[in-house]
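J.: Return a 3D structure for these sequence lines:
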Amino acid sequence: MFYIHKRGEGTGDEPLDYQLSDWLLFRATQKRIREEFKEKAKKSKTGDTTTSLLNGYMSDSRDRLGVDRPWTESADLIDWSYDVESQSQIQNWLEFLTWHVGRHKLLQRQGRIRIQRARRAQNHEWQEQYERRLLELHDAMLVWMEEQRVAITTIDAPRNK
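T.: So this is what the prediction gives:
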């Protein structure tokens, strides 16, 4: 449904251009967050380390996935590495899911603001339908991402034994 399409005969599935850029944006954000941890740890007067900052980030992410959400199993699996290049496929996917849940909250806030503006401009019905549909599509993508996490976990399980 998301993130793949057929290209030519026999070439298999590959990401759509927009979706590839979405992944690359996430990867850049992921690396930037780790760099920020390094800088914060250097400047810390309270003894924060990159490990403690990463642990706080993982805790916040578990809360984001696990509180009143359908992703508590995913939240329980979070165990990220400071070195994103050595982080497993499933852990990268979990971090990507968490990143998208955060983006979903942002879409909701922005949608409410745009609907309020549209109501003042008297064209709110179209705007409300658009915002509702945008969130429905993003909800569907989040469900698909969780299904992919389950599939990845199932594939990786025999290797981890």
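J.: Now do the SS call for the residue located most distally from the centre of the chain.
T.: Largest separation from the mean C-alpha position in the chain: residue 122, at 34.5 Å (Cα atoms, centre = their mean). Under DSSP: H, G, I helix; E, B strand; the rest coil, the three-state class of residue 122 is coil.
J.: Show me the helices in the protein, by range?
T.: In the chain, helices defined by DSSP state H lie at 17-43, 50-66, 72-77, 89-120, 124-160, listed in chain order.
J.: So for the residue farthest from the centre of the chain, what's the pLDDT?
T.: At residue 122, the model reports a pLDDT of 72.
J.: can you check residue 54 too?
T.: At residue 54, the model reports a pLDDT of 95.
J.: Nearest residue to it in space, please, no chain neighbours.
T.: Distances taken as Cβ to Cβ, 6 or more residues apart in numbering put residue 82 closest to residue 54, at 5.5 Å, once the chain neighbours are dropped. Any C-beta I mention is one placed from the backbone N, CA and C, and that applies to glycine too.
J.: Make a markdown table from the helices of the chain and add mean neighbour count to it.
T.: Rendered in a markdown table, the data for the helices of the chain read as follows (neighbours: other Cβ atoms under 10 Å):
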| stretch | mean neighbour count |
| --- | --- |
| helix 17-43 | 13 |
| helix 50-66 | 16 |
| helix 72-77 | 16 |
| helix 89-120 | 16 |
| helix 124-160 | 13 |
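J.: Where among those helices is average confidence lowest?
T.: Least confident of these, judged by mean pLDDT, is helix 124-160 with a mean of 78.
J.: Taking their axis directions, that helix and helix 50-66 sit at what angle?
T.: 120 degrees (axes from the mean of the first three to the mean of the last three Cα atoms, to 10 degrees).
J.: now for helix 124-160, which elements pack on it?
T.: Packed against helix 124-160 by the contact rule (3 or more Cβ pairs under 8 Å, 6 or more residues apart in numbering; DSSP states H and E) you find helix 72-77, helix 89-120.
J.: got JSON lines for those, with distance to residue 54 too?
T.: Formatted as JSON lines, those follow (distance: least, Cβ to Cβ, whole Å):
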{"stretch": "helix 72-77", "distance to residue 54": "16"}
{"stretch": "helix 89-120", "distance to residue 54": "11"}
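J.: what's the closest of those to residue 44?
T.: Across these, residue 44 has its closest neighbour in helix 89-120 (23.1 Å, Cβ to Cβ).
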